[in-house]
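Q: Sharing a sequence plus its predicted fold:
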Amino acid sequence: MDNDQQDLAKRIQALEDRLDIIQLIMSYPLALDSGSSEYARSAWSPTGIFDRGNENPAEHSGNYLGAYGVDKIIEETTGPAVRKAREHGMAHLMTAPHVVIDGDRAVATNHNQLVQWNGETFVSPRITSNRWELVRQNGRWKIERRILRLLTGSKESRELLGRELTP
């Protein structure tokens, strides 16, 4: 293969990786909101960690605090609180992620907005910054760590959004 063909192959791989990562991140809330726990589990590396921050209720999102693994993630998504929220009308709206790829590792950054039906209108109880640390395993991108912080004006939530931006 000559240099032009090698360059083209690398560019095509980079595009495929980016598309696979975007598809993974944009499909994850669909799995959560539809109750597709098997898909949600398949999105995570077996050693995956979901980090929601410290124990101050004003600074974390959801019922589980701190960082926890895949079993707890699936327990949460299939548990009574999330199931009840789904039955009453719930959506996790993701923005398209900013993606940085480095070999078999990648970082994606975006916003997530929770929207719920309160019986009369939709309300948004939270918006978060998200950092998705991804790893390619057996040819497929998986979530290795997800860091989520409420956008309450904290320095940490703002820094999470800008960490991978380079001029």
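A: Sure thing, it's come through.
Q: Can you give the strand pairings for the longest strand that the chain contains, parallel or anti for each?
A: In the chain, assigned by DSSP state E, the strand with the most residues is strand 122-137. Next to strand 122-137 in the sheet, as set by DSSP bridges, lie strand 105-117 (antiparallel), strand 140-150 (antiparallel).
Q: With just CA atoms, put the shortest one into PDB.
A: Coordinates of each C-alpha in strand 140-150 appear next as PDB, following Å, rounded to 0.1, in the frame of the first residue of the first chain:
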ATOM      1  CA  ARG A 140     -15.800  -2.100  19.700                       C
ATOM      2  CA  TRP A 141     -15.800   1.200  21.700                       C
ATOM      3  CA  LYS A 142     -16.900   0.800  25.300                       C
ATOM      4  CA  ILE A 143     -17.500   3.300  28.200                       C
ATOM      5  CA  GLU A 144     -14.600   2.900  30.700                       C
ATOM      6  CA  ARG A 145     -15.500   5.900  32.900                       C
ATOM      7  CA  ARG A 146     -18.300   8.500  32.700                       C
ATOM      8  CA  ILE A 147     -18.000  11.600  34.800                       C
ATOM      9  CA  LEU A 148     -21.100  13.600  35.300                       C
ATOM     10  CA  ARG A 149     -21.400  17.000  37.100                       C
ATOM     11  CA  LEU A 150     -24.400  19.200  37.600                       C
END
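Q: State the next helix or strand along the chain beyond that strand.
A: Next along the chain after strand 140-150, taking DSSP states H and E as the criterion, comes helix 155-162.
Q: Can you tell me which helices and strands that next one packs against?
A: strand 105-117, strand 122-137, strand 140-150 (3 or more Cβ pairs under 8 Å, 6 or more residues apart in numbering; DSSP states H and E). In this view, the C-beta of every residue, glycine as well, is placed from N, C-alpha and C.
Q: Of all those strands, which one comes closest to Lys72?
A: Distance to Lys72, taken as Cβ to Cβ, is lowest for strand 140-150 among the helices and strands packed on helix 155-162, at 12.6 Å.
Q: Next, the angle helix 155-162 makes with that closest one.
A: 150 degrees (axes from the mean of the first three to the mean of the last three Cα atoms, to 10 degrees).
Q: and strand 140-150, which residues are buried?
A: Trp141, Lys142, Ile143, Glu144, Arg145, Arg146, Ile147, Leu148, Arg149, Leu150 (16 or more other Cβ atoms under 10 Å).
Q: Quick check: bridge partners of the second one?
A: Here Lys142 sits in beta bridges with Val135, going by DSSP bridges.
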